[in-house]
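Visitor: Below are the sequence and a predicted model for it; my questions follow.
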Amino acid sequence: VVKVGCHEADFRPTLQSHCDGPNWKPSTLDLCCHHGCHTLPRRACHQCVCKACEGFSPACCGPEPDQLEPKLRSPRRPRMPARAYRGARANRALLGYGNPVMDATVSATKAEIESLGLTVGVDAPPLDDEGRSKVIAHCLARPDVVLTPGGAALNSVRVAQALLRTAGATAFLGAVGEDESGDQMWRQLAEVGVVAALERIGGGEATGHCAVLVHESHRSLAGVPGAARLLSSDFCAAAEQVELLESTSIVAIDGFALASPARSETTKSVATRVVAAGGRIAVNLQSANLLRFNKAARETLCELLPLASFAFGNGDELEAFAELRGWPAAEDGGSPDAWAARLAADLAPGGIAAITAGAQAALLACSPDAGGVSQHPVAALKKSELGDTNGCGDAFEGGFLAAASIEHGSFGPQDCELTRLATTTHIHTHTHTHT
């Protein structure tokens, strides 16, 4: 299904079986319209172009374009066709690396949330592990609880997988316990086509959980990483995981994976391996509290930035990072645009920093010769259209990286359309599915 002018059409050429063979690659050409909207080359009507002849061949692709009968339909979400991914050895678009947890999502009243020691809309409650565990147990005991794989990087991966629509286009590297929740995460990831490289941690360590209490579209979180924090360097260095890392276009690193010195060292090894193999890494500034109060996370993030091609964060996280770096504060003339530009300058050559701001325009920062800092408005939604906002920033990152992984040359501001699509789709259909 392709976008053609003011409508969409479903072209159905009869492809021979050898179209899936080694001589075929995805076409990056625009598709033409046979209803007079455009006059592009005929071969652009086919998603496959033969490497041998670099052109359209009736013997390979079936009928001539004139014989195709487009079936018009009302506009809907565009489908991304089969494609190659950027990177010398890449056969996978995106791999997430971080702390996988099972989200336990429930609707709750303000009184119920406050009785648990939480505040509506606040992600970092002043609770110790015991207090957070009680909140999680409370949610798990609810008959209406919905359990879904979560965690920042895994949310992004699931959204990217939903957009790419090819089984195995994405993967996730992390750790879970030897329990039913770990088994459930394996099953749910397999169902949506995500390759799960999950180390199983024994010794009674439980799979991580995050309680998500939703009140009038606002979420309150209380998470315990559990087994996720025990991902071992030996597991990441095993041949199977090395092959996975080295054959992926982009590896998205969850900021919470930097929370301990041991994990920080493993993360740096993973990032170095990916870049050496020709891949790219994306980092996230999660969360503002982590940046301000966790020395290991701060130091490792700063070491990763020169290796990273992408950096993501929200306005609060960007301000915390600016404070960490000693950049001028807002009262001294500093601004989100200036901070985003300096963050992009800290990245690898050609790096891009993307900053979300809720319902406000997102910032995209790159080098001055590549466009500098630009703003990208977010489609406004009515309050009645919102399920909840949990994971919307992660959805933005997933859509952004899905587009950036495609082998179509440069990636720039025009590709932010997919990130807006991902976030809007996520908000509309979230209702505890995360895609």
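Guide: Received the coordinates, thanks.

Visitor: Could you report the distance from the nearest residue to Leu305 once chain neighbours are set aside to Pro100?
Guide: Among residues not flanking Leu305 along the chain, Asp346 sits closest, at 4.5 Å (CB to CB, 6 or more residues apart in numbering). All C-beta atoms are positioned from the backbone trio N, CA, C, and that covers glycine. From Asp346 over to Pro100 the distance is 28 Å, taken as CB to CB, to the nearest Å.

Visitor: Do I have it right that the residue nearest to Leu305 meets Glu303?
Guide: No - between Asp346 and Glu303 there is no contact under CB atoms under 8 Å: 11.0 Å.

Visitor: which parts of the longest helix along the chain are buried?
Guide: Using DSSP state H, we find that the single longest helix of the chain is helix 261-276. Residues of helix 261-276 classed as buried: 263-264, 266-268, 270-271, 273-275 (neighbour count, 16 or more other CB atoms under 10 Å).

Visitor: can you check stretch 367-375 too?
Guide: Neighbour-count burial for stretch 367-375, counted by 16+ other CB under 10 Å, picks out 373-374.

Visitor: can you confirm Gly398 is in a helix?
Guide: Yes - secondary structure of Gly398 (DSSP: H, G, I helix; E, B strand; the rest coil): part of a helix.

Visitor: ok, it - contacts?
Guide: By CB atoms under 8 Å, 6 or more residues apart in numbering, Gly398 lies in contact with 94, 155-160, 163, 422.

Visitor: taking these one by one, which sit in strands?
Guide: Among the contacts of Gly398, the residues falling in strands (DSSP state E) are Leu94.

Visitor: Out of the contacts of Gly398, flag the one nearest to Gly117.
Guide: Distances from Gly117 to the contacts of Gly398, taken as CB to CB, are shortest for Asn155 (24.8 Å).

Visitor: mind checking pLDDT for that closest one?
Guide: pLDDT recorded at Asn155 is 94.

Visitor: The residue lying closest to it once chain neighbours are set aside: neighbour count?
Guide: The spatially closest residue to Asn155, leaving aside those adjacent along the chain, is Asp394, at 3.5 Å (CB to CB, 6+ apart). Other residues lying near Asp394 total 30 when counted by other CB atoms under 10 Å.

Visitor: what pLDDT does the residue lying closest to Val122 once chain neighbours are set aside get?
Guide: Spatial nearest neighbour of Val122, excluding adjacent residues (CB to CB, 6+ apart): Ser220 at 6.0 Å. We have a pLDDT of 90 for Ser220.

Visitor: who's in contact with Ser220?
Guide: With contacts defined as CB under 8 Å, 6+ apart, the neighbours of Ser220 are 108, 113, 118-123, 125, 212-213.

Visitor: again, only this time at 6 Å
Guide: Contact analysis of Ser220 by CB atoms under 6 Å, 6 or more residues apart in numbering lists 113, 118, 120, 213.

Visitor: These into a markdown table, with extra columns for distance to Leu198?
Guide: Listed next are the contacts of Ser220 as a markdown table, based on distance: CB to CB, whole Å:
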| residue | distance to Leu198 |
| --- | --- |
| Ile113 | 31 |
| Leu118 | 29 |
| Val120 | 33 |
| Leu213 | 26 |
